[in-house]
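>>> can you look at this prediction? I've put the sequence above it.
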Amino acid sequence: MKFILLFGPQAVGKMTIGHELEKITPLKLFHNHQTIELLHPYFGFGPEMWRLADLFRKEIFEQMSKSNSAGFMFTYVWGFDLPADWEFVDQICNIFESKGHEVCFVELEADIEERLERNKSPHRLHHKPTKRDVERSEKDLIHTMENHRLNSLPGEITRKNYIRIQTTNRTQEETALLVKERFQL
């Protein structure tokens, strides 16, 4: 099994590219908003929601790592300045690597103007109801960008199975093809 971690800032295209990869590979996508959208109506964006989201995600990862699936993808906004985010990534990678599975990192980046435009896309709003208040979502996107480092520094990711893709001028189909070819999906 291959576990693909798609990461980068909000509205960079993680979920959309994951959906494209589902079309051209046998991999299944579990995007981070699936747990957020489940829990948000009950807990808002409070600490209870994040605690439960982490628990659900880890349990899903454990089950998938024991399955006979060809592969699995997860999307994540990784705050490189946040030790807890590094710990979470290490934990989920260990779940798969401890069972002999291959972990691949796909880092996405895009210009802020493009991300703000994508933040309003019908595909995003359809799959992420908490983003439908576009004004609030844009404020959160900008606030997060101003307060956290959401892309790695050169050389910071030292894994062999790693690719960084600038998506500003690439379609989701082109990006998905790059990922498929790089990791022989």
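Good, I have the coordinates.
>>> contacting residues for residue 4?
21, 27, 71-74, 104, 106, 179, 183, 185 (CB atoms under 8 Å, 6 or more residues apart in numbering). Every residue, glycine included, has its C-beta placed from N, CA and C.
>>> skipping adjacent residues, who's closest to residue 1 in space?
Using CB to CB, 6 or more residues apart in numbering and skipping residues adjacent in sequence, the residue nearest residue 1 is residue 101, 4.4 Å away.
>>> buried stuff in stretch 142-159?
Within stretch 142-159, the residues scored as buried using 16 or more other CB atoms under 10 Å are 150-152, 157.
>>> kindly apply the preceding question to stretch 122-132 instead.
124-125, 127-128, 130-131.
>>> export stretch 42-55 to CSV, keeping only CA atoms.
C-alpha atoms of stretch 42-55 as CSV (Å, rounded to 0.1, in the frame of the first residue of the first chain):
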residue,chain,number,x,y,z
TYR,A,42,-21.8,19.8,17.3
PHE,A,43,-18.6,21.4,18.5
GLY,A,44,-17.9,24.4,16.2
PHE,A,45,-14.1,24.9,15.7
GLY,A,46,-13.5,24.4,19.4
PRO,A,47,-10.9,22.1,21.0
GLU,A,48,-13.4,19.2,21.4
MET,A,49,-13.8,19.2,17.6
TRP,A,50,-10.1,19.0,16.9
ARG,A,51,-9.5,16.4,19.6
LEU,A,52,-12.2,14.2,18.1
ALA,A,53,-11.1,14.8,14.5
ASP,A,54,-7.6,13.6,15.4
LEU,A,55,-8.9,10.5,17.1
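>>> coming back round to it: residue 36: which of the contacts of residue 4 is nearest?
residue 74 (12.9 Å; CB to CB).
>>> how close does residue 116 sit to residue 171?
Applying CB to CB, to the nearest Å, the value for residue 116 to residue 171 is 18 Å.
>>> likewise for residue 86?
Per CB to CB, residue 86 is found 31 Å from residue 171.
>>> next one: residue 140
For residue 140, the distance to residue 171 - CB to CB - is 26 Å.
>>> for residue 13, same thing?
Taking CB to CB, one finds residue 13 at 9 Å from residue 171.
>>> mean confidence score for the helix ranked longest in the chain?
For the chain, the longest helix by residue count, based on DSSP state H, is helix 47-65. Mean pLDDT, computed over helix 47-65, is 95.
>>> same question for stretch 11-26.
For stretch 11-26, mean pLDDT is 97.
>>> got the contact list for that stretch?
4, 6-8, 27-29, 31-33, 69-71, 73, 75-76, 106, 108-110, 115-116, 118-119, 121, 123-124, 127-128, 141, 167, 172-173, 175-177, 179-180, 185.
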